[in-house]
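Visitor: Structure here, sequence nowhere to be found:
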């Protein structure tokens, strides 16, 4: 049987290309993409959510970060592919070392940003290699059973949940355009379009967005480019006369009609093809940050209230699950897949679950050491005595998006497991209790988390936290808690009141177990008695017990123990009223004081 790699190489030869770059994204720069855009997975077998492949005539490489070090080697054939780690190595740098001198390397301008194109072109120039924009993607030409884009209709997201109308949001963008001296701005990020128009969709699993581009004008009107079948009567009425609608494929021709106009584009977050079409049509390009990015991240009071309601509901479902898995796993017969299905069942019982917010990471034993492990029928393992079981999951509700990780022992845990778990807990508490002045960036908070691990010669190869949307993407920019050079950026973004971020330090021992403790946090204004500085801090939004059997209290300071006991009292206050009988009795026992 001819492999996808062989099919692509044959297609490249027919097109006189010596190589091609295949990123895991779509025309909107999305992290999570529809099935039609899963080109990297089709080509390599890799099932992670971030990565890039480069195919040359005689070699091929797949680039992933530390979250996928184990997973990529399990899923991708090492006989055909080199495994390259980022950020230690870049695609452009690798091409500069491996591309055929004088050759031609292709890329899809709808799947790369202009800065990436410029970096790759500069890297290849030293070898005399040409970087070539293709008109149609060669992967699509050989992917015989490639799915079609989703036909699911748009849905209205109520203003009461959004906390502001689309008209008010567009008016703010119009004011911003006036400040920039711009006539229009192109928005291509799917969550920006959904947020600005107060609509949601079903085109991407786990993320309630729909494929569409938006041009917003200085008068507050806009042009939406979306498949016509997505426009229900309710959505058309919601959009009103100020939003003109066009077929999704009409964007390119529309961009060519802005001759002499000043058009803002976020070059770091939009496809190179967008900027190219505007310039080809004679528009004056203004490189500006997506104006929805920061506004979307700073949640409205209505969105914060909605998240609190969603988190309480979701926490109760998680507590029911944790009691269930504690009782059933020791009996035998529970597997990673059956555990994930049971947790989904508890969430669905709320009657308000729209979707999970990502593929549940249900990982026991050695699988837990892969931070983004995704169970399937082939990898499904039973929960066995002596193992740690890690469950990282979340729900999409109309009023909020959740993301939470807990670890529980299957029967007894070793002294080493308890030591590592407690150090991760100390890292988690260090973030939860941090106070910091405005202007502090995520990289600084990330160091707070790592110190308790660094002191023992330990660390983890992923960020400490990511932004979370309001019934939108579970991974939302611009801010991130991560080392300064973390892939995808965001670590040097200032934290601001109203942002919701995750707090999820971890520890992973390859071949044995993984540990991660994750809650969501709200950035809020704080004050220090007698201090001079205005301050920010975090309010914990997620409520579920942290497994007491895994905590070595001798390693905790008095302040850390106090935080933990206070947190568990709050868990009982928030979740307790939603539980009855054995579920409530279990929660009471899990939340009793340790200090």
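Guide: Received it, and whenever you're ready, just let me know what you need. These numbers come from a predicted model, not from an experiment. Numbers count the residues shown, from 1 in each chain.

Visitor: Now do stretch 65-84: distance from first to last residue.
Guide: End-to-end span of stretch 65-84 (CA to CA, to the nearest Å): 8 Å.

Visitor: Flag every buried residue along that stretch.
Guide: Going by neighbour count (16 or more other CB atoms under 10 Å), the buried part of stretch 65-84 is 65-73, 75-76, 80-81, 84. No exception for glycine: its C-beta is placed from N, CA and C like everyone else's.

Visitor: For residue 288, state which of these is nearest.
Guide: Taking CB to CB as the measure, residue 288 lies nearest residue 65 of those, at 28.2 Å.

Visitor: Leaving out sequence neighbours, find the closest residue to that closest one.
Guide: Among residues not flanking residue 65 along the chain, residue 487 sits closest, at 4.6 Å (CB to CB, 6 or more residues apart in numbering).

Visitor: Which of the buried residues of stretch 65-84 lies at the shortest distance from residue 393?
Guide: For these, the nearest to residue 393 is residue 67 (16.5 Å; CB to CB).

Visitor: need the contact list for that closest one.
Guide: Going by CB atoms under 8 Å, 6 or more residues apart in numbering, residue 67 touches 48, 50, 371, 372, 461, 462.

Visitor: on that earlier part again, pop out the phi and psi values for the residue nearest to residue 65.
Guide: Main-chain torsions, residue 487, degrees, to the nearest 10: phi -60, psi 140.

Visitor: what about it, neighbour count?
Guide: When neighbours are counted by other CB atoms under 10 Å, residue 487 registers 21.

Visitor: what bits of this structure have low per-residue confidence?
Guide: Residue ranges of the chain with pLDDT under 70: 1.

Visitor: moving C-terminal of the longest strand seen in the chain, what's the next helix or strand?
Guide: Secondary structure of the chain per DSSP state E: the longest strand is strand 519-526. Once strand 519-526 ends, the next helix or strand along the chain (criterion: DSSP states H and E) is strand 535-540.

Visitor: Which residue ranges of the stretch 151-300 of the chain form strands?
Guide: For the stretch 151-300 of the chain, strands defined by DSSP state E, counting those that start in this stretch occupy the ranges 155-156, 184-187, 199-200, 213-217, 222-225, 243-246, 262-265, 284-287.

Visitor: What residues sit buried inside the last one?
Guide: Translated: strand 284-287. Buried, per 16+ other CB under 10 Å, within strand 284-287: 285, 286.

Visitor: Which strands or helices does that strand pack on?
Guide: Secondary-structure packing of strand 284-287 (3 or more CB pairs under 8 Å, 6 or more residues apart in numbering; DSSP states H and E): strand 262-265, helix 272-280.

Visitor: mind listing what the residue nearest to residue 403 when sequence neighbours are not counted touches?
Guide: Nearest residue to residue 403, sequence neighbours excluded (CB to CB, 6+ apart): residue 394, at 3.9 Å. Listed by CB under 8 Å, 6+ apart, the contact set of residue 394 reads 314, 356, 357, 358, 401, 402, 403, 404, 474.

Visitor: so where do the helices sit in the stretch 151-300 of the chain?
Guide: For the stretch 151-300 of the chain, the helices defined by DSSP state H, counting those that start in this stretch cover 159-162, 166-180, 190-197, 233-239, 251-255, 272-280, 291-297.

Visitor: now those in a markdown table, with mean neighbour count?
Guide: Shown next, in a markdown table, are the helices of the stretch 151-300 of the chain (neighbours: other CB atoms under 10 Å):
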| stretch | mean neighbour count |
| --- | --- |
| helix 159-162 | 15 |
| helix 166-180 | 17 |
| helix 190-197 | 26 |
| helix 233-239 | 14 |
| helix 251-255 | 18 |
| helix 272-280 | 20 |
| helix 291-297 | 22 |
